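Participant: Just a sequence and a predicted model for now, questions to come.
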Amino acid sequence: MNPIEIDTEQCILCSSCIEECPNNYLYLENNAIKTCDKGCMECGHCYAVCPKGAINMANYDCRDEPVVSMTEIDSDMLLTAMKSRRTIRKFKQQPVEEEKISKILEAGRYSPTGANSQNVSYTILGSKQKEAEEICLKLFRRGQKVGSPLSSFLKRIDIDDNFFFKGAPLVIVVSSKSNVDGGLASSYMEIMAESLGLGVLYSGFFVMCTKMSRKLKKLLELEKGHDVVSCMVIGYPNVKYQRIVPRKDLKVKKL
């Protein structure tokens, strides 16, 4: 099925869509915009650039939402806010509202993916959160006793019952075929969560457990070919930081 539908009555033949198409899927012939038999990666650039709204995308929810430029956000304030973020390990026992969860997921949905693959999936642990954490706890507590590569590190830490999720009310597992795509989605989601007054912990230990436990993979019901890229532990922070932390010198090469 052709993913691009063109309303010939609305089209003014400005060729903006042709110029913007990265795959040369669109072309002008006999005073009409035509599409090739294949090659569309459904990026939506033609839909977004058309001045008359003459293009529709099949199988997509086309709402005709107006564009808001990032220049609407004060860049100095944005940079300061990004520098102010901290990994949160203390959370209030306050549920995250469904409206805020939806916004976080929507931010991930609109993150860039290579060739517009849109191959990132999200799993809210919900009722399975405790079970998932218990699986991980058993793995790590066993690792404290045996000679594993992690054992020397694990013996130095206290693995309590909230070690992985810190008692947070919300855990979202991000999975993808691409670490880059999944990582970008996670970053978008974190910025949205922070803007909503929430804090985020990336549980790298949980991601490690997904590579070691078939039981945990089964619980997550991952899509075929997907691996866990990040585990986002989210909730209202129960700690307030007073200043931006220092960083090491910026490393930049100009070639």
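Facilitator: Received the coordinates, thanks.
Participant: quick one, helices of the chain?
Facilitator: In the chain, the segments counted as helices under DSSP state H are 16-20, 45-49, 75-84, 98-109, 129-143, 151-154, 179-195, 204-210, 214-220.
Participant: Need those helices in CSV (columns: mean pLDDT).
Facilitator: Formatted as CSV, the helices of the chain follow (pLDDT from 0 to 100):
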stretch, mean pLDDT
helix 16-20, 97
helix 45-49, 97
helix 75-84, 97
helix 98-109, 98
helix 129-143, 93
helix 151-154, 68
helix 179-195, 98
helix 204-210, 96
helix 214-220, 96
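Participant: Residue 36 is in contact with residue 25, correct?
Facilitator: Yes - Residue 25 is within contact range of residue 36, at 5.2 Å (criterion: Cβ atoms under 8 Å). All C-beta spots, glycine's among them, are computed from the backbone N, C-alpha and C.
Participant: out of those two, which sits in the busier spot?
Facilitator: Neighbour tally, residue 25 and residue 36, criterion other Cβ atoms under 10 Å: the higher count belongs to residue 25, 22 against 14.
Participant: mind checking how far that one is from residue 242?
Facilitator: Distance of residue 25 to residue 242, computed by Cβ to Cβ, to the nearest Å: 53 Å.
Participant: picking that back up, looking at the helices of the chain, which is nearest to residue 252?
Facilitator: helix 75-84 (16.5 Å; Cβ to Cβ).
Participant: sorry, back to before: which among the helices of the chain is found nearest to residue 29?
Facilitator: helix 16-20 (10.7 Å).
Participant: Give the other helices and strands that that closest one contacts.
Facilitator: Packing contacts for helix 16-20, counted by 3 or more Cβ pairs under 8 Å, 6 or more residues apart in numbering; DSSP states H and E, involve strand 26-28, helix 45-49.
Participant: tell me how far the longest one is from the chain's mean position?
Facilitator: The gap between where helix 45-49 is centred and where its chain is centred comes out at 23 Å by Cα atoms, centre = their mean, to the nearest Å.
Participant: In it, which residues are buried?
Facilitator: Using 16 or more other Cβ atoms under 10 Å as the test for burial, helix 45-49 gives 45, 46, 47.
Participant: check contacts around the closest residue to the second one other than its chain neighbours.
Facilitator: Read that as residue 46. In space, residue 46 comes closest to residue 17 once its chain neighbours are excluded; the distance is 3.7 Å by Cβ to Cβ, 6 or more residues apart in numbering. With contacts defined as Cβ atoms under 8 Å, 6 or more residues apart in numbering, residue 17 is in contact with 26, 33, 45, 46, 49, 50, 55.
Participant: Skipping its backbone neighbours, what lies nearest the second one in space?
Facilitator: Okay, so that is residue 33. residue 6 (5.3 Å).
Participant: same check, this time on the third one
Facilitator: Of all residues beyond its chain neighbours, the one nearest residue 45 is residue 20 (4.6 Å), with distances taken as Cβ to Cβ, 6+ apart.
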